[in-house]
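following is a predicted model, sequence given first.
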Amino acid sequence: MKILFREKILPHAVPAAILVAVTVAVYMRIIGHDFQLFWDDEKYVIANASVKGFSLEHLRNVFTTNYMGNYAPLHIISYMLDYSLWGMKASGFFLTNIVLHALNGLLFYAILIRLGFSRLQASFSAFVFLLHPVQVESVAWISERKNLLAMFFFLAGFISFLSYCKKERGEGKGAYLLSLAFFVCAILSKSVAVIFPLVLVLYDICYREKGERSRWQADKIPFFCAAAIMAWVTIQCQLPGEMPGAGGGRIPYHGGSPFATFLTMLTVLPRYLQLVFWPTGLSAVYNPPIRTGFDGAVLGGVILVALLAVTGVMIFRRDRRPFFWYGLFFIGLLPVSQIIPIVTLMNDRYLYFPMLGAAAGIGCLVRLIENSGARRVTGVVAAGSVLIVLPCLTFARAEVWKNDLTLWSDAATKAPNHYVALYGLAQALQNAGNLDAALPLYLRVVASNPRHLDTLDHLGALYRARNMPIEGRPYLLAVTRGYPKLAKGFVELGMNYYQTDELGEAEKAFRRAIELEPRSKDAIYHLGMISLRSRKLDAARSYFREAISLGFGNADVEYNLACVEALSGHPEEALRHLEAAFMLGFRDKVSILKDRDLDAIRPLPEFKRLVRSFAGEKR
């Protein structure tokens, strides 16, 4: 054991410590960041009851549900652990992200050492992987935990496979089974890990001698089977659902055909390479133009692909080992290359896996510097510049992810015509209370995407908040026409009608919402309000009690029950509900003193005592 520690672990302690220290130093600022409420964090974490602690019910939900079109149960389970440790504090979730990213860097370093990289090469490669600015999206965004988690199991599985390959025939069964288990965990964290079997085949071709490759077909079969199953599950989960948000990111081909999508991706590839070697202008969203025919950009992409192919052949013929990392970069892009079309054409997070190949490839250049003789000074200066510039760019980029407003202000500046960027900024401004600035942005989104559900819904809510329900009604009607099975749309429309005292239309909308979603608390509560205003007291009492039974118990419900009981001639019940309303924070003095519904109990001494105790009234 001492020999193992001295020869295998101790020599790498300093590089590992430096890598972890620099990673923590650069990313520590995100500990003070907020959840990205618009950008998935609310749906994955805040409003997801299944992450709130470990229980059999929560675990069953996690393994039988896809979230936002992604079947990734281990991803959601990791949030359960965060919640158990930190509660709903964003800082705890970010800390886990930082730890996972740092561990991925260490696993990557260990793999490079096993594959013959020097400590200097491996350290430089891991540094580039950990501190490259395109990695910020995966680390500084809680919802993208799945990228980090899948990478952790992916790398652990690859290390196990390397151990299996070094064993004599029949002696590496344990390492092989462990590799397969880690791979299953990886694809249960994020489906992008389905590339693992292809990486194993590439490893066989580049690192194993022909005699060692004789059984490669057989030992990859279980990996390919698991990958095929997950690919099928992912495709099913990504199919558009009948309800908005029920399906995933699958869409028809961009530009209307596979050929147009292919031409478009020919222009996206150069941008990915630019982000790797010149990582500026990073954004939460990109807006590459759809190409339906050949133009200069497409022709440039064709030439680039040809040059990359020639370069790959040259590398392969000269030395297969560097080709492994060259090939790994492009294998990592396969799941996001629009073979199966998805909504977004490109994202920073799509480079998290390809950066393994890019970082190792850049690390291979360190060997050239070590052996470059007279040109060594130039190489050292170039490498030193990378070591200084990358952390600075990453540190600055991490600050952009501080909250909704900082992120979407940046995105809207860089993609001013992208409806997602405009919507994100509009929602951030609305949440910050700046309704005047949010309104024109929402209108621009609707102009470019008339069926954008969330924008239509927010426009209705915004106009309601500004006491302009008539102006907001057309947008809510568009929601109910475009999405006739969406209960929430009818709830919002009912609240709009209620605000203008059109109680008959409001009741129709709320009843339709309940037909679609029988446990709609908002619809049930507002039907109680309509019944109260119509003096249908038994119905009002029933609705309010049902709302409470569904978890809608709050000060307003208790106050309205007090009104119902006061009008029904039940003063004791009315006073009890009024006291409950005060206990829950009801402090509307105007209603307490002037609401005619409470006239029957206002003269009572008990009422006056309650008012003095909870509402601050003087004797």
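Received, thanks. Numbers count the residues shown, from 1 in each chain.

for the rest of this, base every contact and every neighbour count on C-alpha atoms.
Will do.

tell me where the stretch 451-600 of the chain has helices.
Along the stretch 451-600 of the chain, counting by DSSP state H, counting those that start in this stretch, helices occupy 453-465, 469-482, 487-499, 503-516, 521-533, 537-547, 555-567, 571-583, 589-594.

next up, the contacts around Asn66.
Counting by CA atoms under 8 Å, 6 or more residues apart in numbering, Asn66 makes contact with 72-73, 237.

what's the closest of those to Leu162?
For the contacts of Asn66, the closest approach to Leu162 (CA to CA) belongs to Ala72, at 26.0 Å.

could I get the phi/psi values of that closest one?
Backbone torsions for Ala72, taken as degrees, to the nearest 10, come to phi -150, psi 70.

measure it to Val136 for me?
Counting by CA to CA, to the nearest Å, the gap from Ala72 to Val136 is 21 Å.

tell me which residues in stretch 358-370 are buried?
Neighbour-count burial for stretch 358-370, counted by 16 or more other CA atoms under 10 Å, picks out 358-366, 369.

one more: stretch 199-211?
199-207.

still on that earlier bit, filter the contacts of Asn66 down to the buried ones and hand me the PyMOL line.
Under the burial definition 16+ other CA under 10 Å, those of the contacts of Asn66 that qualify are selected in PyMOL by:
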select buried, resi 72+73+237
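
make JSON lines from the contacts of Asn66 and add distance to Met265 and pLDDT to it.
Listed next are these as JSON lines, based on distance: CA to CA, whole Å; pLDDT from 0 to 100:
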{"residue": "Ala72", "distance to Met265": "27", "pLDDT": "92"}
{"residue": "Pro73", "distance to Met265": "30", "pLDDT": "94"}
{"residue": "Cys237", "distance to Met265": "24", "pLDDT": "78"}
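
Leu477: which of the contacts of Asn66 is nearest?
Closest approach to Leu477 among the contacts of Asn66 (CA to CA): Cys237, at 29.3 Å.

which strand or helix spans the closest one?
Under DSSP states H and E, the secondary-structure element containing Cys237 is helix 216-238.

who are the packing partners of the helix or strand just after that helix?
Next along the chain after helix 216-238, taking DSSP H and E as the criterion, comes helix 258-277. Counting contacts by 3 or more CA pairs under 8 Å, 6 or more residues apart in numbering; DSSP states H and E, helix 258-277 is packed against helix 296-318.

between the helix it packs on and helix 258-277, how many degrees?
Per axes from the mean of the first three to the mean of the last three CA atoms, to 10 degrees, the angle that helix 296-318 makes with helix 258-277 is 70 degrees.

what's in contact with helix 296-318?
Under the contact criterion CA under 8 Å, 6+ apart, helix 296-318 has outside partners 263-264, 266-267, 269-270, 291, 322-323, 326-327.

identify the farthest-apart pair in those.
Of all pairs drawn from these, the greatest distance, 33.6 Å, lies between Arg291 and Pro322 (CA to CA).

rewinding a little: please identify which of the buried residues of stretch 199-211 is nearest to Leu462.
Closest to Leu462 out of the buried residues of stretch 199-211 is Val199 (50.1 Å), distances taken as CA to CA.

return the set of buried residues in stretch 434-449.
Buried-residue list, stretch 434-449, by 16+ other CA under 10 Å: 435, 438-439, 441-446.

pLDDT (mean, whole number) over it?
Averaged over stretch 434-449, pLDDT sits at 91.

pull the residues that contact it.
Stretch 434-449 is contacted from outside by 419, 422-423, 425-427, 429-430, 452, 455-456, 458-459, 462, using CA under 8 Å, 6+ apart.

now do 6 Å
419, 422, 426, 429-430 (CA atoms under 6 Å, 6 or more residues apart in numbering).

shaky segments in the stretch 501-619 of the chain?
The stretch 501-619 of the chain contains residues with pLDDT under 70 at 615-619.

pLDDT score assigned to the closest residue to Leu393 other than its chain neighbours?
With sequence-adjacent residues excluded and distances taken as CA to CA, 6 or more residues apart in numbering, Leu393 is closest to Pro133, at 6.0 Å. pLDDT, Pro133: 97.

quick check: Pro133 vs Ala122, distance?
Distance, Pro133 to Ala122, using CA to CA: 19 Å.

could you do Pro335 as well?
27 Å.

more neighbours: these two, which one.
Ala122 (27 against 18; other CA atoms under 10 Å).

may I ask you to confirm that the more buried one is in contact with Ile111?
No - counting by CA atoms under 6 Å, Ala122 stays clear of Ile111, with 8.6 Å between them.

how about the helices in the stretch 51-200 of the chain?
With DSSP H, counting those that start in this stretch as the criterion, the stretch 51-200 of the chain has helices at 56-64, 73-86, 90-114, 119-131, 136-139, 145-166, 173-187, 196-207.

for Ala16, which of the ones you listed is the nearest?
Relative to Ala16, the nearest member of those by CA to CA is helix 90-114, separated by 6.5 Å.

pull out the buried residues from the closest one.
Of the residues in helix 90-114, 90-113 count as buried by neighbour count, 16+ other CA under 10 Å.

and the angle for that helix with helix 119-131?
Angle, helix 90-114 to helix 119-131, by the same axes, to 10 degrees: 150 degrees.

and the contacts of helix 90-114?
Here helix 90-114 has contacts from 20, 31, 82, 86, 122, 126, 130, 139, 152, using CA under 6 Å, 6+ apart.

centroid residue for this structure?
For the chain, the residue nearest the mean C-alpha position is Ser143 (3.1 Å; CA atoms, centre = their mean).

tally of neighbours for Val268?
As a burial measure, Val268 scores 20 neighbours (other CA under 10 Å).

for it, give me the pLDDT.
Looking at Val268, its pLDDT stands at 96.
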